[in-house]
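1. Here is a sequence with its predicted model. Questions after.
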Amino acid sequence: MKFRLKTVAKAASAATAALALGQGAWAGEAEAKKWIDAEFQPSTLNKDQQMVEMKWFIDAAKKLQAKGVKEISVVSETLTTHEYESKTLAKAFEEITGIKVKHDIIQEGDVVEKLQTSMQSGKSIYDGWISDSDLIGTHYRYGTALALSDQMAGPWKEFTNPGLDLKDFIGTSFTTAPDKKLYQLPDQQFANLYWFRADLFARKDLQDKFKAKYGYDLGVPLNWSAYEDIAQFFSEDVKTIDGKPIYGHMDYGKKDPSLGWRFTDAWLSMAGTADIGIPNGLPIDEWGIRVGADKCTPVGAAVERGGATNSPAAVYALTKYIDWMKKYAPKEATGMTFGEAGPVPAQGQIAQQIFWYTAFTADMIKKGLPVVNDDGTPKWRMAPGPNGPYWKQGMQNGYQDVGSWTFLKSNEPNRATAAWLYAQFVTSKTTSLKKSITGLTFIRDSDIRHDYFTQNAAKYGGLIEFYRSPARVAWTPTGTNVPDYPKLAQLWWKNVAVAVTGEKTPQAAMDNLAKEMDDVMERLGRAGMAHCAPKLNPRGSPDKWLSDKQAPWKKLANEKPKGETIVYDKLLNAWKEGRVR
């Protein structure tokens, strides 16, 4: 806000108004220009376009301030992207609009727990939530979340940025419910891909040694058989690189909630447990949950009810996870959590990792790391994850996290509207490119295709090529088959953990998991839900359901076909040419 004070009286009047209104009095175009010049560069908009967009936010905020909104609180999980929002963009929003934002950063499990508490109590703890789109099925069925499609056409129409450009967002298909309405607005995305040390794979001595033993070329594995061979090769044959141990695999296995993500983030679908279908298998998804003919009503997780959670493919996936971790990963891996295991590949002693989140990219390209060259380019690359023996063309390829803005019906309306304003601010074209450069968790097609990333693509090990290709929608979040993500997700880590320790066999662990999932869904069905409450099939013989035509898939006679690999450049070219693989 610009003050042109002509008299002492006017100055005194303005000062009094400023004290009354607080920080909001100093918000305005001058502050917007300061942020545009100093922070919001580069951008897909020019500076004049950025000012037009910021002017809209200033005017919209004034309407909410007139309704008494001075401060809002929002929450997100701990990620580089969200830390940038909390420390930088929240401050910018306050200075530009006059509305203060308390943007909390907490652990992902705590976000889910607080969100669940808010849904159950009918009183939202925060005005806005950045929550995984994995909860889309939960939000739709309970009816506790606002449908953004309805809000933008109704109460939030005058508070929806004309430059929002929903078509530019790459993840809205993941935040759309069975009723075809948008329930969440993507804020950050990252995929789960295969990571490997390209410099080691390129060594002629290692290539020759590998081919002599296994009969095919050392390269990016296309199937789990090749991944297993490469893991064995580095851990048992190569053993050391430059005098330090080298391992052919990295993972984590501590009994901890994060162990559940290792499986719910599509590990079973990578093995081939689910049905064919994108973004998720239908009628059976990557959790093994079957839905009925309406493509919405969950009818069972256990094979005995037509599900696949304890099917041969699922048991195979758990078995391989345990075997590889115990045989080929550092011995400390079984006692690590997700957070503890994440930084390990950057230390230089891991040759490959089948389950690697691209959210780690920013921390893996820092100069001085053992996995970064002197010129700042990475020694490593990312590629599509290899497929298990049950996987078939047209199935979900792997997992993608889509942290998305979510608003509950129990929110105070005006504060929720202000949180919606902030959500649009941190995802706007004015701020989004700089945020993408900082956190490398893309949400807009225009950002990905900006010249900045064209010029710097070599720094990111394949990330830019992946997000410019159709692969970006072939790696998908948890879908709508899951009726209550918080209640069902917590069952996974406890059951997986007893298989890791050997207290139960993989089959017994998955049998118990499937039973517990069905028990929870049965209770949800009895309690009732706003949409598509579970209605379980009766238990029957597994033979009724196991098939070689659809999930649940019959056990294969040979679960380890010959290993297959491909030259990395061919994979990269596929992405550049607009193909998934």
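-> Nice, I can see it. Numbers count the residues shown, from 1 in each chain.

2. and residue 565, what are its bridge partners?
-> residue 221 (DSSP bridges).

3. Could I get the full set of strands for the chain?
-> 71-77, 100-106, 128-132, 185-197, 220-221, 240-241, 244-245, 290-291, 298-300, 352-357, 380-383, 398-406, 475-476, 565-566 (DSSP state E).

4. any weak-confidence spans in the protein?
-> 1-26 (pLDDT under 70).

5. Which helix runs longest in it?
-> Secondary structure of the chain per DSSP state H: the longest helix is helix 506-527.

6. which helices and strands does that one pack with?
-> Judged by 3 or more Cβ pairs under 8 Å, 6 or more residues apart in numbering; DSSP states H and E, helix 506-527 is in contact with strand 298-300, helix 312-328, helix 485-500. For every residue, glycine as well, the C-beta is placed using N, CA and C.

7. could you dump these to a markdown table with distance to residue 388 and mean neighbour count?
-> Output for the helices and strands packed on helix 506-527, formatted as a markdown table (distance: least, Cβ to Cβ, whole Å; neighbours: other Cβ atoms under 10 Å):
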| stretch | distance to residue 388 | mean neighbour count |
| --- | --- | --- |
| strand 298-300 | 23 | 28 |
| helix 312-328 | 7 | 22 |
| helix 485-500 | 17 | 21 |
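
8. Now residue 564: phi and psi?
-> The phi and psi values for residue 564, taken as degrees, to the nearest 10, are phi -130, psi 140.

9. my guess is it contacts residue 216, does it?
-> Yes: because the distance of 7.2 Å satisfies Cβ atoms under 8 Å, residue 564 is recorded as touching residue 216.

10. sorry, back to before: CSV for the strands of the chain, including distance to residue 330?
-> Putting the strands of the chain into CSV (distance: least, Cβ to Cβ, whole Å) gives the following:
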stretch, distance to residue 330
strand 71-77, 26
strand 100-106, 29
strand 128-132, 29
strand 185-197, 15
strand 220-221, 20
strand 240-241, 13
strand 244-245, 8
strand 290-291, 38
strand 298-300, 39
strand 352-357, 12
strand 380-383, 17
strand 398-406, 24
strand 475-476, 27
strand 565-566, 24
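
11. Tell me which of those strands lies nearest to residue 270.
-> Closest to residue 270 of the strands of the chain, according to Cβ to Cβ: strand 398-406, at 5.7 Å.

12. other SSEs contacting that closest one?
-> With contacts taken as 3+ Cβ pairs under 8 Å, 6+ apart, strand 398-406 sits against strand 128-132, strand 185-197, strand 475-476.

13. partners of it, with directions?
-> Strand pairing for strand 398-406, using DSSP bridges, gives strand 128-132 (antiparallel), strand 185-197 (antiparallel), strand 475-476 (parallel).

14. any chance of those strands in JSON lines, with distance to residue 454 and mean neighbour count too?
-> Rendered in JSON lines, the data for these read as follows (distance: least, Cβ to Cβ, whole Å; neighbours: other Cβ under 10 Å):
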{"stretch": "strand 128-132", "distance to residue 454": "29", "mean neighbour count": "27"}
{"stretch": "strand 185-197", "distance to residue 454": "20", "mean neighbour count": "25"}
{"stretch": "strand 475-476", "distance to residue 454": "22", "mean neighbour count": "26"}
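
15. Format those as TSV; extra columns: distance to residue 295.
-> Converted to TSV, those look like this (distance: least, Cβ to Cβ, whole Å):
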stretch	distance to residue 295
strand 128-132	22
strand 185-197	23
strand 475-476	16
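
16. Which of the ones you listed sits closest to residue 342?
-> Evaluated over the strands paired with strand 398-406, closeness to residue 342 peaks at strand 185-197, with 11.3 Å, by Cβ to Cβ.

17. next one: that closest one to chain centre, how far?
-> Chain-centre distance of strand 185-197: 6 Å, with Cα atoms, centre = their mean, to the nearest Å.

18. Same question for stretch 252-269.
-> Chain-centre distance of stretch 252-269: 14 Å, with Cα atoms, centre = their mean.

19. and that stretch, C-alpha only, in CSV?
-> The C-alpha trace of stretch 252-269 is given here as CSV (Å, rounded to 0.1, in the frame of the first residue of the first chain):
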residue,chain,number,x,y,z
TYR,A,252,15.1,-50.2,5.6
GLY,A,253,13.3,-52.6,7.9
LYS,A,254,12.8,-51.2,11.4
LYS,A,255,9.4,-51.8,13.1
ASP,A,256,8.2,-48.2,12.6
PRO,A,257,5.2,-46.6,10.8
SER,A,258,7.5,-45.6,7.9
LEU,A,259,7.8,-49.3,7.2
GLY,A,260,4.2,-49.3,6.0
TRP,A,261,5.0,-46.7,3.3
ARG,A,262,7.6,-49.1,1.9
PHE,A,263,4.6,-51.3,0.9
THR,A,264,1.6,-49.1,0.5
ASP,A,265,3.6,-46.9,-1.9
ALA,A,266,2.9,-49.5,-4.6
TRP,A,267,5.5,-52.2,-3.9
LEU,A,268,2.9,-54.9,-4.5
SER,A,269,1.9,-53.4,-7.9
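
20. okay, now residue 509: neighbour count?
-> Neighbour count of residue 509, defined by other Cβ atoms under 10 Å: 22.

21. For residue 282, grab the count of nearby residues.
-> Neighbour count for residue 282, taken as other Cβ under 10 Å: 18.

22. I'd say it and residue 290 touch.
-> No: Residue 282 is beyond contact range of residue 290, at 9.2 Å (criterion: Cβ under 8 Å).

23. what sits against the spatially closest residue to residue 265 that is not a sequence neighbour?
-> Of all residues not flanking residue 265 in the chain, residue 399 sits nearest, at 4.1 Å (Cβ to Cβ, 6 or more residues apart in numbering). Listed by Cβ atoms under 8 Å, 6 or more residues apart in numbering, the contact partners of residue 399 are 191-192, 265-266, 286, 475-478.

24. how close does residue 399 sit to residue 128?
-> Going from residue 399 to residue 128 by Cβ to Cβ, to the nearest Å gives 25 Å.

25. Ok, residue 332 next?
-> Distance, residue 332 to residue 128, by Cβ to Cβ: 39 Å.

26. what does residue 299 give?
-> Residue 299 is 34 Å from residue 128, where distance means Cβ to Cβ.

27. again, but for residue 260
-> Looking at residue 260 against residue 128, where the rule is Cβ to Cβ, the gap reads 25 Å.

28. and if you look at residue 536?
-> For residue 536, the distance to residue 128 (Cβ to Cβ) stands at 35 Å.

29. Ok, residue 479 next?
-> According to Cβ to Cβ, residue 479 stands 24 Å off from residue 128.

30. Residue 136 now?
-> Relative to residue 128, residue 136 is positioned 17 Å away (Cβ to Cβ).

31. circling back to that earlier point, looking at the strands paired with strand 398-406, spot the one closest to residue 152.
-> Residue 152 lies closest, by Cβ to Cβ, to one member of these: strand 185-197, at 9.7 Å.

32. tell me the angle of the closest one relative to strand 352-357?
-> On the basis of axes from the mean of the first three to the mean of the last three Cα atoms, to 10 degrees, strand 185-197 is oriented at 170 degrees to strand 352-357.

33. and strand 185-197 with strand 71-77, angle?
-> Using the same axes, to 10 degrees: strand 185-197 against strand 71-77 is 30 degrees.
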